[in-house]
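1. Sequence and predicted structure, then a few things I'm wondering about:
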Amino acid sequence: MSSPDIHGSRPIGVPSRTNLTGKILIAMPGMADPRFERSVVLICAHTDEGAMGLVLNRPMPEIDFGDLLEQLGIATDASARRIEVRFGGPVEPGRGFVLHNVPEYGDDPEGRLRIGQTLAMTTTRDILEELAHGHGPASAVLALGYAGWGPGQLEQEMLQNGWLTGEGADELVFGTAHSDKWQAALRAQGIDPSLLSAAAGRA
């Protein structure tokens, strides 16, 4: 899979005909890739060059944020934030992305990609150092790895009924239990998960 450039304040390249940046993808029962079964993915960048996103409902409780900071040589103090670590996707699993809230208005510094009005992704070391000393955004999670699609690949998977697109990213990033996110994402689009599962079972 290709890796679109995620640096800067907006995706690089010509926008896709249907730009899904800031939308969520909900894995349908017909999802062919078992790595994404019942997953909810936030699309962080989408252009004609491809797309990249972060899985929202795969926690990694075995990985401690403080231990990661230590491995990176970032000193912490007593006020250090203890943010959650998640599996962001199968591409570059050693690479970290901080999803966090931002003010609705204002400039975005280098290394921050604004995804929606109040949601952004940052890839620089600075934000980790801020969190290590109790500063930084009010809400934040760290995703390891990402999901990537080459030109037209995501659109093809959608045509094959692999994904449903929808709204509701902010609540799903920070406010819903992981075990409930897939069902909650479907309900936010007006779909009853039990009916969808039943229909898939008869297929």
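-> Alright, I've got the coordinates.
2. what's the neighbour count on residue 190?
-> By other Cβ atoms under 10 Å, the residues close to residue 190 number 7. Yep, even glycine has a C-beta here, placed from its N, CA and C like the rest.
3. mind starting the numbering at 35 from now?
-> OK, 35 is where the count begins now, so the last one is residue 224.
4. any idea how far residue 151 is from it?
-> In this view, residue 224 and residue 151 are 22 Å apart by Cβ to Cβ, to the nearest Å.
5. Can you tell me the centre-most residue of this protein?
-> For the chain, the residue sitting closest to the mean C-alpha position, by Cα atoms, centre = their mean, is residue 88 at 2.6 Å.
6. Touching, it and residue 123? I think so.
-> Yes: when contacts are counted by Cβ atoms under 8 Å, residue 88 is listed as touching residue 123 (6.4 Å).
7. any common contacting residues for the two?
-> The overlap between the contact sets of residue 88 and residue 123 (Cβ atoms under 8 Å, 6 or more residues apart in numbering) consists of 75, 177, 180-181.
8. picking up where we left off before, tell me the helices and strands packed up against the strand or helix carrying the residue nearest to the centre of the chain.
-> Using DSSP states H and E, residue 88 falls within strand 84-89. Helices and strands touching strand 84-89, by 3 or more Cβ pairs under 8 Å, 6 or more residues apart in numbering; DSSP states H and E, are strand 74-81, strand 118-121, strand 125-135, strand 174-183, helix 187-193.
9. Please export the C-alpha coordinates of the very next helix or strand once past that strand as PDB.
-> The first helix or strand that comes after strand 84-89 along the chain, using DSSP H and E, is helix 99-105. Extracted in PDB, the C-alpha atoms of helix 99-105 (Å, rounded to 0.1, in the frame of the first residue of the first chain):
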ATOM      1  CA  PHE A  99       2.700   4.900  27.100                       C
ATOM      2  CA  GLY A 100       5.300   5.700  29.700                       C
ATOM      3  CA  ASP A 101       7.400   2.800  28.500                       C
ATOM      4  CA  LEU A 102       7.200   4.100  25.000                       C
ATOM      5  CA  LEU A 103       8.400   7.500  26.100                       C
ATOM      6  CA  GLU A 104      11.300   5.900  27.900                       C
ATOM      7  CA  GLN A 105      12.300   4.000  24.800                       C
END
